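**Q** Need a 3D model of the sequence below.
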Amino acid sequence: MPQKKPCEGRKDTMTQTYSIGIDVGGTFTDFVAMNTDGVTTICKSPSTPSDQSVGVLTGLHDLAQRLGLTLAELLARTERIVHGTTVATNALLERKGRKTGLLTTAGHRDILEMREGLKPHRYNLRMASPEPLVPRDLRRPVTERLAQDGKVLTPLDEENLRDECAFLRDQGVEAVAICFLHAYRNSEHERRAAEIVADMMPEAYISTSSDVLPQIKEYERLSTTVVNAYIGPIVKLYMQRLTDRLSAAGYDGPIFIILSHGGVTRVEDAISLAAGTCLSGPAGGIAGARACARMLDAPNVIPFDMGGTSTEVSLITQGEVALTSERGLAGERIALRSFDILSIAAGGGSIAQMRPGKGFSVGPESAGAEPGPACFGRDGQAVTVTDANLVLGFLATDALSGGGSTLDRAAAEAAMDRLGATMGLDRIAAAAGVRRLINIRMADGIRLMTLRRGVDPRSFTLLSFGGAAGLHSVEVARELDIPRVVVPTVASVLCAWGMLASDLRYEVTRSRPADSSGMTDQTIQRVYAEIEAQARAQMPSLPGIKLQIERSAEMRYGEQIFEIDVPLDGIDFEAPALVDAIAARFHARHEELYTYASPGEEVDLVNARVAIIGAVDRGDVSRELALVMDNPTPIGMRHVHLSTGPAQVPVYDMARLSPGHNIVGPALVSSETTTVLLCHGDRASLTPHGWLDIAVAAKSSGGGMPVKTDHYQPADA
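**A** Numbering: from 1, shown residues only. Okay, the predicted model is just below:
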């Protein structure tokens, strides 16, 4: 008999302790409980957008039932909870943050509106200027001024500051951003201003640039601080509700929040740095993908995360994910470091429609969780990708949330008939068109991450995860000539699983420690020693945590206006010729990115950065399963509509597959929370961990062609 798979759990729950990962998505909230043996139990529960903490507690109750425990018993045995949330993301996307005021140096109140002198789409002459998060009347100038080296030119006028605070208070402002010129070199004025605001507006959320982003570049620092203030109260309210509900349910252990850079932090730190949670959920998926890449010994991987609302793609090159500070969200600049993730408005809930004068489109609008796709049976009228997959036979009616709910095929067919009527197509042709268009959109997103960056996707493995990815990932890979797709057993909840594979991470940055003419070994050593001590002071003292140090620098040639991130791992900071070693690393990195370097040019070190990483115990997540050499047996047949017509295809239960099993398409592989589609020529084997390892048939081989398999009797699989 094969060993149990990582998604099945065990019955000896009374002696086990657990770590729990929770990922709140737009449609479902995902849960992963990992016990001390590394065995995982998964659960999905509908998200509750009005208050995500309600859905979290409901899902935890369902998770406890799966383990044969009460909620109180599960929480009593839980050592830690790691959580990813879309609260900040949704507040910014929907512009539903709190009323925010800005205190800034006199003469600089319009930087937020002027941005960098450029529109987000600079060549779109018809594009209106983005509406700033803080209107001009709430951007209040304060008399004070620092020089670029941090020396005080004009002392802070506290009487003027109090007058401006009184104005903001009278306007009903709930959050205050404080960003003074050159405060990254001297935070004295901002600290004093925060004290005065706290005294006059005790209920306000306060965000200072010297805490949020203490580094050079005025607009980036200002915008990030404003975003932090704008969404901070929303994040704080959610975190308080969540911790209160968990405490009332009996949980007294630590709660960690995953940040956009893939590291986890304490709840109180996440509240202070709310802008750092804007890519919280997707970052968990990329962290999980990185762990999967290491288990597969696949250095080059494209994480492909398709959920109900959106699809996120990224790149893992030589086992590492690129970090960037060039990202934004909803047109707002957020200069905090994050995983380099591209989000595509394409998911299982993406709405298909004919737009008058614009033609046929799928997305970016999503049906969400309430009411959801037509097939959810909640009176939703929108036609979605999920409805198309159900109509084409790729989804079973019990595929929703592990069989806990039933999909309404009749509602999906009626909705697809309405859509088809607007296009002059029958039901099946309309559904096939929905799938074809969403696959092309997602393939184009991968092209943005690869081909347009000079990366050949054919040398990468596509890692498919997210509840909706299995039905699309192989066809998307075929569109791009990617030869291999891997689907983990925890694919539908990989974001939550990845959070349990994430480490504590605290970063400290210091701007302009030295320019090209003033860098010495002693200067660099002193700066990095100081910020390392500051980062270590932020790391909580927890048992069993092993600390690691990552040093990096943002550097540029003297005449450039943009800098690049240069990892400094492997450089001995105690050795002589430190400046030369760092400069050489920069030249090599510049050539790697842009195919040329200029060793004779002066080099500026703009930002020095240290990350302290606390490695956490992940349990035995990489244990392998027993090899089984017999042929897998289908659990039934299903009538589906492939690209060339109807066919009967075998359906396999992923939980019954083991290493040594092989499957030839066309076929469906079904698990509790996702389904994988193999077309003609696709071949799947099982990795030592029980994951699907798919060799994708080339387009020229006729992938998608049906094969008759009439020796099985049709069954409702």
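**Q** Now tell me which helix or strand of the protein has the poorest mean pLDDT.
**A** Lowest by mean pLDDT, DSSP states H and E among the helices and strands of the chain is strand 328-329, with a mean of 76.
**Q** And it, what does it pack against?
**A** Judged by 3 or more C-beta pairs under 8 Å, 6 or more residues apart in numbering; DSSP states H and E, strand 328-329 is in contact with helix 87-93. In this view, the C-beta of every residue, glycine as well, is placed from N, C-alpha and C.
**Q** Helices of the stretch 501-650 of the chain, start to end?
**A** 521-538, 578-594 (DSSP state H, counting those that start in this stretch).
**Q** and for the longest one, what are the contacting residues?
**A** In this case it means helix 521-538. Applying C-beta atoms under 8 Å, 6 or more residues apart in numbering, the contact partners of helix 521-538 are 269, 506-510, 513-514, 547, 549, 551, 573-574, 576-579, 582, 605, 608-612.
**Q** Just the pLDDT at the closest residue to residue 327 other than its chain neighbours, thanks.
**A** Using C-beta to C-beta, 6 or more residues apart in numbering and skipping residues adjacent in sequence, the residue nearest residue 327 is residue 338, 5.2 Å away. Residue 338 is assigned 87 on the pLDDT scale.
**Q** Just give me the neighbour total for residue 338.
**A** Neighbour count for residue 338, taken as other C-beta atoms under 10 Å: 26.
**Q** With residue 598 instead?
**A** With other C-beta under 10 Å as criterion, residue 598 counts 12.
**Q** Quick check: next helix or strand after the least confident helix or strand of the chain?
**A** The helix or strand immediately downstream of strand 328-329 is strand 332-333, counting by DSSP states H and E.
**Q** Give me the helices and strands touching that next one, please.
**A** helix 218-249.
**Q** Parallel or antiparallel, which strands does whichever helix or strand comes after the helix it packs on pair with?
**A** Using DSSP H and E, the helix or strand that follows helix 218-249 in sequence is strand 255-258. Paired strands of strand 255-258, with direction, are strand 78-84 (parallel), strand 264-266 (antiparallel) (DSSP bridges).
**Q** Which parts of the longest one count as buried, going by neighbours?
**A** Right, the one you point to is strand 78-84. 78, 80, 81, 82, 83, 84 (16 or more other C-beta atoms under 10 Å).
**Q** same check, this time on stretch 424-433
**A** Those would be 425, 427, 428, 430, 431, 432, 433, for stretch 424-433 by 16+ other C-beta under 10 Å.
**Q** ditto for stretch 27-44
**A** Buried, per 16+ other C-beta under 10 Å, within stretch 27-44: 27-35, 39-44.
**Q** What is the neighbour count of residue 170?
**A** 8.
**Q** Can you report phi and psi for it?
**A** Residue 170 adopts backbone torsions of phi -70, psi -20, taken as degrees, to the nearest 10.
**Q** show me where the stretch 351-500 of the chain has helices.
**A** 385-391, 409-423, 427-449, 473-479, 494-499.
**Q** which ones are touching residue 154?
**A** Contacts of residue 154 (C-beta under 8 Å, 6+ apart): 143, 144, 145.
**Q** Any figure for the gap between it and residue 189?
**A** 9 Å (C-beta to C-beta, to the nearest Å).
**Q** Quick check: neighbours shared by these two?
**A** The contact sets of residue 154 and residue 189 overlap at residue 144 (C-beta under 8 Å, 6+ apart).
**Q** Any chance of a PyMOL selection covering the buried ones in the contacts of helix 521-538?
**A** Those of these that count as buried under 16+ other C-beta under 10 Å are selected in PyMOL with:
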select buried, resi 269+506+507+508+509+510+513+514+551+573+578+579+582+605+608+609+610+611+612
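**Q** worst average pLDDT in the helices of the stretch 351-500 of the chain?
**A** When I compare the helices of the stretch 351-500 of the chain, helix 494-499 is least confident, with a mean of 86.
**Q** And that helix, what does it pack against?
**A** Against helix 494-499 (3+ C-beta pairs under 8 Å, 6+ apart) you get strand 18-24, strand 28-35, strand 40-46, strand 78-84, helix 280-296.
**Q** Could you list the paired strands of the second one along with their orientation?
**A** Which is strand 28-35. Partners of strand 28-35 in its sheet, by DSSP bridges: strand 18-24 (antiparallel), strand 40-46 (antiparallel).
**Q** Report the next helix or strand after the last one in sequence order.
**A** Which is strand 40-46. Assigned by DSSP H and E, the successor of strand 40-46 is helix 52-66.
**Q** Compute the distance from the centre of that following helix to the centre of its chain.
**A** With C-alpha atoms, centre = their mean, to the nearest Å as the basis, helix 52-66 stands 22 Å off its chain's centre.
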